[in-house]
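Asks: Predicted coordinates and the sequence they were generated for:
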Amino acid sequence: MRQDSVSFVFPMFNEAENIPETVRRITALAGTICSDYEIVIADDASTDGSADVVAALAAKDGRIKLIRLETNTKFGGALKAGLGAASKDIIVYTDSDLPAREEDIAKALELLKEADVITAYSLVLKDMSLKRIVMSKVYNFLVQLFFGLKIRDINSGLKIYKREVLQGLDLKSRSPFIDVEIFAEAARRNFRIKQYGLIFDLRTRGQSSISRMSVVARTFWDMLLYRLSK
């Protein structure tokens, strides 16, 4: 099912090794699934020249948008900036190392015939470290307990939204908790959420910043603030 227009949104922090290949792959995919697209990359104050790499790509292709954040926001601020800059009917968010395969993105888009939000979950354990397994299980349990969201992996690296799901949202989180905030608001407004299982590719270049303790601490702080505000 071809889409009229699609925004591909990538929050980015220190992904100079990955982002050129990600842009190349997404550009190739976009031509097969939609007639109009843009690639929005929100740089979360990278220190490895990632933003300059994207700026060079954007100079050659007007469909690439670069948003530069002056200070690091621990992911949430970059995602909010990217989503806010997205202008198309469908918004696809995934990580800057592109862990989701092109065929899975295309298949997930098909599910929009019966849903407003598509969220992926991994069919296999992505990280076998005890620390990451425990953190993930505890976090997802708390999300279900506090917010009633029966999502297998709330922070998975592929999500698709119809534009109306994001309209009017005043997102406060500046951490990965922003995903929960979006889904909680979508559920409250009775948007249909559908889950899609896939096998994410493992990162081969660069390092993920999501498991930094400062990010983890800010995530739980944002969870508390959001919980107290409702």
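Replies: It's in. Just so it is clear, the model here is predicted, and its values are computed rather than measured.
Asks: wouldn't residue 33 be in contact with residue 109 here?
Replies: Yes - when contacts are counted by C-beta atoms under 8 Å, residue 33 is listed as touching residue 109 (6.3 Å). Yep, even glycine has a C-beta here, placed from its N, CA and C like the rest.
Asks: list residues touching both of the two?
Replies: 3, 6 (C-beta atoms under 8 Å, 6 or more residues apart in numbering).
Asks: Return, as residue ranges, the portions of the protein with sub-threshold pLDDT.
Replies: Scanning the chain with the threshold set as pLDDT under 70 gives 1, 125-130, 203, 206-212.
Asks: And the helices in it?
Replies: Assigned by DSSP state H, the helices in the chain fall at 19-33, 50-60, 76-85, 102-110, 130-147, 163-166, 178-188, 213-229.
Asks: buried ones in the fourth one?
Replies: Pointing back at helix 102-110 there. Burial within helix 102-110, assessed by neighbour count using 16 or more other C-beta atoms under 10 Å, is assigned to 104, 105, 108, 109.
Asks: so can I have JSON lines of the residues you listed showing distance to residue 68?
Replies: Putting the buried residues of helix 102-110 into JSON lines (distance: C-beta to C-beta, whole Å) gives the following:
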{"residue": "104", "distance to residue 68": "30"}
{"residue": "105", "distance to residue 68": "26"}
{"residue": "108", "distance to residue 68": "29"}
{"residue": "109", "distance to residue 68": "29"}
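Asks: which one among those residues gets closest to residue 147?
Replies: If you rank those by distance to residue 147 using C-beta to C-beta, residue 108 comes first, at 22.8 Å.
Asks: Quick check: that closest one vs residue 101, distance?
Replies: Counting by C-beta to C-beta, to the nearest Å, the gap from residue 108 to residue 101 is 10 Å.
Asks: do the same with residue 122
Replies: Distance from residue 122 to residue 101, by C-beta to C-beta: 12 Å.
Asks: Between the two, which contacts overlap?
Replies: Residues touching both residue 122 and residue 101 (C-beta under 8 Å, 6+ apart): residue 198.
Asks: contacting residues for the residue nearest to residue 156 when sequence neighbours are not counted?
Replies: Leaving out its chain neighbours, the residue that sits closest to residue 156 by C-beta to C-beta, 6 or more residues apart in numbering is residue 120, at 4.8 Å. In this structure, residue 120 makes contact with 100, 104, 108, 153, 156-159, 195-198, 200, judged by C-beta under 8 Å, 6+ apart.
Asks: Next, the contact list for the nearest residue to residue 23 once chain neighbours are set aside, please.
Replies: The shortest distance from residue 23 to any non-neighbouring residue, by C-beta to C-beta, 6+ apart, is to residue 57 (5.7 Å). Applying C-beta under 8 Å, 6+ apart to residue 57 gives the contacts 19, 20, 23, 64.
Asks: cool, residue 7 as well?
Replies: 37, 38, 39, 40, 86, 87, 88, 90, 91, 92.
Asks: cool, and residue 105?
Replies: With C-beta under 8 Å, 6+ apart as the criterion, the residues that contact residue 105 are 29, 33, 92, 94, 158.
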